[in-house]
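# Take this sequence and fold it.
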Amino acid sequence: MDKGDLLSIIAALIIVSAVALIFRPPTGEPGSGIQETPVPTPTPIVTTPTPTPGSTISLPEPFRITYTTNVWDYPVCYLPENLTRYGSSDPPWKGPDRAIPFAYIEESRGGITEAFYVPYSVWRLNCSVSATVRPEAARFRMALVELESGTIVEGAELQYPGKIIRNVERGGKEFYLIVSVDNVDSYRITLETLPEYLPATG
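Take a look at the predicted model:
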């Protein structure tokens, strides 16, 4: 091979290599001898909702419901004749000591209560009647009335001393009670709800 041809080939190889480097910079492919620094990809953080540590249930302070004198302002002022159609006592809630009292009325006579607001969607009326003088003649009758519509939501009737529970699944409204008693020493109606319907704080 001629010396001039050899120089021409070397010059051509140098020019081709230079052009290749200009138009195609090193990419760090395997075997190129150039190490590419990996760019870290941020890892998404997945969180699972958990109850806030230290959160507590806000227990209501039970308030006393009293009778009113403005009975004629209410849409219903008399008890219906047949309260037995509401049936016997509703079953108790599952789990011991889950009932949270938020209001009560304790009296020995009948009447119509002041209106009271219930924010809970599930609650109950826990009625307890005491009669020691003439228990065989004791009679307790009660109706829960929705103030706005005048609808009787629940009713209860006891012919003797004892207890009766009425579960209510209607909240965010104002209600009042109509109560009638005969030969009763005293009665107490406790309004109760469950912990899961109370607002949490903290």
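# residue ranges with poor pLDDT in this structure?
1-13, 15-56, 96, 201-202 (pLDDT under 70).
# which stretches of it form helices?
3-23 (DSSP state H).
# quick one: the lengthiest strand in the chain to chain centroid distance?
Looking across the chain with DSSP state E, the single longest strand is strand 173-182. Its chain's average C-alpha position is 26 Å from that of strand 173-182, according to Cα atoms, centre = their mean, to the nearest Å.
# Export that strand to PDB, keeping only CA atoms.
Taking Å, rounded to 0.1, in the frame of the first residue of the first chain, the C-alpha atoms of strand 173-182 are listed here in PDB:
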ATOM      1  CA  LYS A 173     -85.100  18.600  63.800                       C
ATOM      2  CA  GLU A 174     -87.100  20.000  66.700                       C
ATOM      3  CA  PHE A 175     -89.400  17.700  68.700                       C
ATOM      4  CA  TYR A 176     -91.600  17.800  71.700                       C
ATOM      5  CA  LEU A 177     -93.200  15.200  74.000                       C
ATOM      6  CA  ILE A 178     -96.800  14.800  75.100                       C
ATOM      7  CA  VAL A 179     -97.100  12.700  78.300                       C
ATOM      8  CA  SER A 180    -100.100  11.500  80.200                       C
ATOM      9  CA  VAL A 181     -99.900   9.600  83.500                       C
ATOM     10  CA  ASP A 182    -102.300   7.900  86.000                       C
END
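# For that strand, which strands pair with it and how are they oriented?
Under the criterion DSSP bridges, strand 173-182 sits next to strand 111-112 (antiparallel), strand 116-118 (antiparallel), strand 139-146 (antiparallel) in its sheet.
# out of the ones you listed, nearest to residue 183?
strand 139-146 (6.8 Å; Cβ to Cβ). Where C-beta positions appear, they are placed from N, C-alpha and C, glycine not excepted.
# can you list contacts of the closest one?
Contacts of strand 139-146 with the rest of the structure, by Cβ atoms under 8 Å, 6 or more residues apart in numbering, involve 74-76, 79-80, 83, 125, 127, 129, 151-159, 166, 168, 170, 173-184, 187, 189.
# returning to that earlier point: of all the strands paired with strand 173-182, which lies closest to residue 103?
Comparing the strands paired with strand 173-182 by their distance to residue 103 (Cβ to Cβ), the top pick is strand 116-118, with 6.1 Å.
# hey, which of the strands paired with strand 173-182 is tucked in deepest?
Each of the strands paired with strand 173-182 was assessed for mean neighbour count using mean count of other Cβ atoms under 10 Å. The highest is strand 139-146, with a mean of 22.
# With distance to residue 198 as new columns, can the strands paired with strand 173-182 be given to me in JSON lines?
Listed next are the strands paired with strand 173-182 as JSON lines, based on distance: least, Cβ to Cβ, whole Å:
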{"stretch": "strand 111-112", "distance to residue 198": "28"}
{"stretch": "strand 116-118", "distance to residue 198": "13"}
{"stretch": "strand 139-146", "distance to residue 198": "21"}
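# This completes my enquiry, with thanks.
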